[in-house]
Structure formats: structure tokens, C-alpha cells
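Asker: Requesting a structural model of the entry that follows:
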Amino acid sequence: MITNLISIMKKYLFVLLILLLVSCQSNKKEDKKELIVANKVNEVEIEESNDSLIYKISEDSIVIGGDTLKIEAPFIYSFEGTLDGDKKIQIHISNKLTEEYGGYWKSGDLYIDGEEQVFGFGLIKNNKDNFYTGKAYYDSDDSDKTICTLKLYNLATEEMFIECIYNKKTYKIYPSKKFPSYKCYDKIDYALFDTREAYKKGNARDYTPSRDYIFFGEILSNDKSFEALSSNLKYLYTDSLTIKDHKKWKHNFGIKKSVSDDDNYKSETLYTSSPIFIDSNIYVVSGYWYHYMGGAHGLYHTSYDNYEVSTGKKIEITQILNTKDENFIEFYENKIRSDYGDALPSTIPFANTFYILPTGITFSYAPYELVGFAGGEPHIFLSYEELKPYILKNTILDKYNSN
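Answerer: Prediction:
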């Protein structure tokens, strides 16, 4: 009987061991976030004859009027970690075309706990290095005010990480297991107008480029707390008609015959969108728009959309601040005049776009909207301490203002 009891106990312990092993494997699987590997659009149907103004020299390299464009995979990756023991940092990087007929450019945004702004940066790679480097500055016009230096290793692999040098200390920042992932799409529509007849008359170049570009991401939830974003918002681009057939997108390159001298001008439209800040309450998306129709320079504008994480719904400024309060209007105008001087219009327009951070709200203006083109896009930060009298009750800001 004792022998039978020992045998039963052994079987029982064996079953428990198997259950424990399965449980551990399951937990490991849940902890591991699947890496979304970016895929480039590989269907580019153009000529391969180098007698043409546009021709393909390899599967992903296209010569356009003498300049080579290498087609790359678009992507968005989000990272998070800690600095100095308790300061959280989040970094969001992307790969997309740049304006002025530029090629693919890797860049990003980062936020560190307690800061009053999101910091942008570019990433470059030297041929001899096995990593990309970048620097984030407190002031984009002052390279001496560096907030941190970044090195991106093993891009688009399971071993990807960012080395961040902050306050003379080095930290490793890894892809977030909690933040959403993104399946990215982009489309290039490129045409060269054959203006060689006008060129012979001295009225134009021998060709004139025209390019339209769009880049966005589909939100994929990795955590239950972000499911509302992936189901209700779903995409980083809100114009559903423009991206209706995005899964069938192809890059288009072609040559068009110029029918008159009026065709001899460049044109370009570019729109990109990407996340710049995420926490358990707020999800902020930045949209960049560029348009060129000739002249000395193109027009550009950065807009921001803020979403409540729990619902996926967009937050309007009138839902969180009493912007019609006369005291607020006076305070707002005085704040802008103190930052930008008296060379402002008699009436200060209220900013059309803003983004929310745990420390306050940043209002943003387009070029020409507040100051001249050389002044860029003015940003005005208002802390919750300053905004306290005008914050509406029972809003998302209560979670920040009470801290």
C-alpha cells in the first residue's frame, strides 16, 4: 500500500511539474512583444533603360533625373526605460521620406519625466559604424544645450536597443512591451514633366519634378489598456478616404509630356504622422504637412492630436480648459507677448493645435500665423500651475493637475 501511495505521489508531482513548466512558458510568451518587421513596397513598375529620365538600377534603387532614390521600408518603433533610477524616458523613431524631394530619413521624438517639451532628433549612420547616432537638444538653435546623445543598435531586429547618454551616464533603452506597435504604410507618386522643348528656349530645366507622399501607421495593441486606441482610432491618419486602399498601395513613377510652358514648375505635397507621447492617460500624435507650388520655399505645418487612452476619443481644448474666460484670454495673450515681444498683431489668435504632457500644455502655431516665416513654428508652454484657475472639472487634466 505504501508503494502504491509513493507511486501516486510521484505521478502527482510529475503532473504539477509539467503544469508549472507550461505556465512559465506561457508567461514568457506573454512578456515577449512581437517585433513588427517593416516591409517596403516592392512593386515599382518603371523602365530599366538608362535612356529614360526615370529608370531602375536595382529592385530598390531608382534614378530620377540623375538623382538616386533608394526605396526603404517605413516603420515606427517605440521604446521606454528609466534614467537616474526613477526618471522615465520614452522614445519613438520612424523612417519616412523628407520634404524637398529628399530620401528616407530616420528620426524620432523623446520625452523625459518632468520636462516641458517633447524633443525631436535625427539619426544618421556612418559607413564604418554598426549603429545610428543622434542628439536631442533643449534648443534646436543651440547645439551646446544637449539633453542626451543616442545610439541605435540592431535596427529592426529582436536585439534592437538604444544607448542613451544622459547626465554623463549611459543607459540601455529597449522597445516597449506595453506601448502599441505599428504596421506602417507609405506611397510615393512621382512624375517628371518632360520640359526639354521649353529648356531649348531657355524657359525651363530639361525636366520638372512633381511628387506626392503619404506615410502613416496602423495601431496594434500590445496591452489591454491600449485596446481602445487600436479599435476606435485604429490609424494615425484620420482621413479614412485618403487611406481607403492602403493595403494595395504601390509606388508610382512616371514621365509626363509637358503640354505648355505653364507646366514648368515644381510641386510637392508630403504628409506624415507618428506618435510623440504616450502614457496611461494620453496618446499624442504629430502630423507634419508640407506643400510646395513654386517660389522661394514651401509651406509647412505641424499639427497635434490628443486622444484619451481609455476611450480612443480625440480631446478638444474646450473640453479641458475654459478658453472663453476673459481672465484666461488676457493671461494667454500676455504670456505670448512676454515670450515674443511687441512685434505681434494687435489681436493674438488662439492656437489651433496643442499637445498635452504630464507637466502642462504646449500650444503651437504655424509659420506666418503668429510671426514671420523665419520665426518657424512658435511653441508656448503653459504649466498646470498657471492653468489651474481655468481647468474644467472632471477632465483628463485632473489626473495631472492633482499630482
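
Asker: The stretch 1-150 of the chain: helices as residue ranges?
Answerer: Ranges of helices within the stretch 1-150 of the chain are 2-31, based on DSSP state H, counting those that start in this stretch.

Asker: residue boundaries of the strands in it?
Answerer: 54-58, 61-64, 67-70, 75-83, 87-97, 104-112, 119-123, 131-139, 142-153 (DSSP state E, counting those that start in this stretch).

Asker: Low-confidence bits of the stretch 201-350 of the chain, can you list those?
Answerer: Within the stretch 201-350 of the chain, the segments meeting pLDDT under 70 span 202-205, 259-264, 342.

Asker: where do the helices sit along it?
Answerer: For the stretch 201-350 of the chain, the helices defined by DSSP H, counting those that start in this stretch occupy 227-228, 326-340.

Asker: Determine which of the ones you listed approaches Gly120 most closely.
Answerer: helix 326-340 (19.8 Å; CB to CB). All C-beta spots, glycine's among them, are computed from the backbone N, C-alpha and C.

Asker: Give me whichever of the helices of the stretch 201-350 of the chain is most buried.
Answerer: Of all the helices of the stretch 201-350 of the chain, helix 227-228 carries the top mean neighbour count, a mean of 17, counting by mean count of other CB atoms under 10 Å.

Asker: Run through who's touching it.
Answerer: Ser221, Val309, Ser310, Thr311, Gly312 (CB atoms under 8 Å, 6 or more residues apart in numbering).

Asker: Please identify which pair of these lies farthest apart.
Answerer: Ser221 and Thr311 (13.8 Å).

Asker: Of the two, which one has the most company?
Answerer: More neighbours surround Ser221 than the other of Ser221 and Thr311, with 16 against 13 (other CB atoms under 10 Å).

Asker: hmm, back to that, got TSV for the strands of the stretch 1-150 of the chain, with mean neighbour count and mean pLDDT too?
Answerer: Shown next, in TSV, are those (neighbours: other CB atoms under 10 Å; pLDDT from 0 to 100):
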stretch	mean neighbour count	mean pLDDT
strand 54-58	15	84
strand 61-64	17	89
strand 67-70	14	92
strand 75-83	20	98
strand 87-97	22	98
strand 104-112	20	98
strand 119-123	18	97
strand 131-139	17	93
strand 142-153	15	87
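
Asker: Is it possible to get TSV of those strands that adds distance to Thr208?
Answerer: Shown next, in TSV, are the strands of the stretch 1-150 of the chain (distance: least, CB to CB, whole Å):
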stretch	distance to Thr208
strand 54-58	13
strand 61-64	12
strand 67-70	14
strand 75-83	32
strand 87-97	19
strand 104-112	23
strand 119-123	29
strand 131-139	34
strand 142-153	36
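
Asker: Leu229 is nearest to which of the ones you listed?
Answerer: The closest approach between Leu229 and any of those, judged by CB to CB, belongs to strand 75-83 at 12.5 Å.

Asker: Packing partners of the closest one?
Answerer: Applying 3 or more CB pairs under 8 Å, 6 or more residues apart in numbering; DSSP states H and E, one finds that strand 75-83 contacts strand 87-97, strand 161-166, strand 169-175, strand 181-194, strand 267-278.

Asker: in the stretch 201-350 of the chain, which spans are strands?
Answerer: 207-220, 252-257, 267-278, 282-292, 299-308.

Asker: just to revisit the earlier point, just curious, which of the contacts of helix 227-228 is nearest to Thr157?
Answerer: Ser221 (22.5 Å).

Asker: Excluding chain neighbours, what is closest to that closest one?
Answerer: Nearest residue to Ser221, sequence neighbours excluded (CB to CB, 6 or more residues apart in numbering): Ser230, at 3.8 Å.

Asker: Now for the one you found, how many residues are close by?
Answerer: Ser230 has 18 neighbours, counted by other CB under 10 Å.

Asker: residues contacting it?
Answerer: Going by CB under 8 Å, 6+ apart, Ser230 touches Pro180, Ile219, Leu220, Ser221.

Asker: same check, this time on Ile76
Answerer: The neighbourhood of Ile76, defined by CB under 8 Å, 6+ apart, consists of His92, Ile93, Ser94, Tyr182, Cys184, Gly217, Ser274, Pro275.

Asker: Would you mind measuring from it to Lys250?
Answerer: Distance of Ile76 to Lys250, computed by CB to CB, to the nearest Å: 21 Å.

Asker: next one: Leu236
Answerer: Distance, Leu236 to Lys250, by CB to CB: 21 Å.

Asker: ok but Tyr368 is inside a helix, no?
Answerer: No - counting by DSSP: H, G, I helix; E, B strand; the rest coil, Tyr368 is not part of a helix but coil.

Asker: Which residues are in contact with Phe79?
Answerer: So Phe79 contacts Gln90, Ile91, His92, Ile93, Phe161, Ile162, Ile173, Tyr174, Pro175, Ser176 (CB under 8 Å, 6+ apart).

Asker: sorry, back to before: would you turn the strands of the stretch 201-350 of the chain into a markdown table with mean neighbour count and distance to Gly108?
Answerer: Output for those, formatted as a markdown table (neighbours: other CB atoms under 10 Å; distance: least, CB to CB, whole Å):
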| stretch | mean neighbour count | distance to Gly108 |
| --- | --- | --- |
| strand 207-220 | 21 | 14 |
| strand 252-257 | 15 | 28 |
| strand 267-278 | 21 | 8 |
| strand 282-292 | 20 | 11 |
| strand 299-308 | 19 | 15 |
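
Asker: want to try TSV for those strands, with distance to Gly360 as columns?
Answerer: Compiled in TSV, the strands of the stretch 201-350 of the chain are given as follows (distance: least, CB to CB, whole Å):
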stretch	distance to Gly360
strand 207-220	26
strand 252-257	44
strand 267-278	12
strand 282-292	12
strand 299-308	13
